[in-house]
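A.B. asks: mind folding the following:
(one chain, ligands or ions: 3)
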Amino acid sequence: MIWQRTLSLLLICLLLSAIGLDSGCTEQSRHDVLAEIFDGVPPVGQQSPPPRPYVRHPRRPPPYTPPPPILIKVKPYKAAFQIDWKTLLRKLPKDAVGGIDWVKAIETGVIKPKNSIDPKHPQPNPVLPLDVHLHPAGLPLFEVTYPHKAHTEWLACTNCHTRIFQMKAGADKMTMKEIFNGKFCGECHGKVSFDPTTACPRCHRKLAGPS
Ligand code: HEC
Ligand code: HEC
Ligand code: HEC
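C.D. replies: Ligands and ions are numbered 1, 2, ... in the order given. Below you'll find the model as predicted:
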């Protein structure tokens with residue numbers, strides 16, 4: 001049979017080439033063949049480097065863990081709502097119409113206003129004990145007593161001089177109408193200080209009658 005002969009011939013050839021390959025395969029030729037096919041084949045006689053460890057990176061960053069909260073120690077303080085305002089209000093002296101008489105509050109020592117909220121300027125304001133008497137023409141009963149003392153306990157000279165008032169008694173021509181409209185004494189009285197509409201005798205002392 002022809003195919004049987006061919007097969008046996010093929011087997012012999014394979015056997016012979018296997019023997020030939022085995023005996024002819026040196027380290028060098030092995031290396032050459034391998035280097036032809038693969039990258040990084042070490043030269044003959046050298047060990048291949050140990051495999052690099054395989055690092056598997058996470059596919060998304062790890063979830064955010066917030067840092068522990070910083071605890072600040074707060075000194076206990078007297079908050080405005082802890083102050084008993086009603087009791088304090090009852091201690092303050094009142095004027096004829098029930099408003100607070102701030103002048104008497106200083107005189108009696110119930111309050112002691114700071115000279116300044118700026119600690120670098122603790123000097124007291126100079127208190128000027130000077131009364132200015134103003135005489136509206138033909139109305140002796142309505143003589144005005146302007147007390148510098150009561151004002152300079154709260155205010156600096158420059159609050160009034162010389163934008164509002166000249167430093168000369170009688171220099172400013174004032175009328176009650178202008179005062180009610182917020183000019184002269186009305187820049188403060190009726191706004192931050194007692195109301196001129198209800199306190200005539202505090203400025204016109206003769207209206208209060210003999211004391
Ligand atoms: C709240 C306002 C006010 C303040 C603050 C004030 N004055 Fe006067 N001063 C007056 C008025 C009002 C007159 C009278 C002006 C007029 O009649 O035209 C006057 C008048 C004067 C006169 C003239 C007195 C006279 O008899 O002619 C002098 C001096 C004076 N002031 C000095 C001062 C000094 C110094 C200070 C600060 C320590 C001061 N004043 C703070 C309102 C003020
Ligand atoms: C904050 C102080 C103050 C008070 C409060 C006040 N006056 Fe006067 N009054 C004055 C001054 C200042 C003048 C002008 C004085 C001058 O320069 O001749 C004046 C003037 C007057 C005059 C003279 C005419 C005129 O209109 O100027 C009359 C009247 C008068 N006042 C009535 C009153 C009556 C009434 C009240 C109360 C409802 C009152 N005053 C409250 C400060 C005051
Ligand atoms: C810059 C602001 C200011 C001006 C202007 C001013 N005053 Fe006063 N006055 C005050 C303050 C503040 C007080 C004290 C607090 C209060 O009584 O409300 C006061 C208090 C007074 C007192 C009370 C004194 C006492 O012994 O009770 C009289 C009187 C007075 N002022 C008159 C006048 C007259 C008159 C004028 C105008 C010629 C005038 N003031 C202008 C701010 C002012």
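A.B. asks: next, residue 161: phi, psi?
C.D. replies: For residue 161, the backbone dihedrals (degrees, to the nearest 10) come out as phi -100, psi 130.
A.B. asks: actually residue 165, not the one I typed
C.D. replies: Torsion angles, degrees, to the nearest 10, at residue 165: phi -130, psi 140.
A.B. asks: for it, name its beta-bridge partners.
C.D. replies: As for beta bridges, residue 165 partners with residue 161 under DSSP bridges.
A.B. asks: need the contact list for residue 160.
C.D. replies: Going by C-beta atoms under 8 Å, 6 or more residues apart in numbering, residue 160 touches residue 151. C-beta: built from backbone N, CA, C; applies to glycine.
A.B. asks: my bad, should have said residue 192
C.D. replies: By C-beta under 8 Å, 6+ apart, residue 192 has no neighbours at all.
A.B. asks: how about it, phi and psi?
C.D. replies: Dihedral angles for residue 192 - degrees, to the nearest 10 - are phi -110, psi -10.
A.B. asks: what distance do you get for it to residue 52?
C.D. replies: 83 Å (C-beta to C-beta, to the nearest Å).
A.B. asks: and for residue 146?
C.D. replies: From residue 146 to residue 52 the distance is 97 Å (C-beta to C-beta).
A.B. asks: cool, residue 7 as well?
C.D. replies: Counting by C-beta to C-beta, the gap from residue 7 to residue 52 is 48 Å.
A.B. asks: neighbour count: the two, which is higher?
C.D. replies: residue 7 (11 against 6; other C-beta atoms under 10 Å).
A.B. asks: give me the local confidence score for the more buried one.
C.D. replies: For residue 7, the pLDDT comes out at 80.
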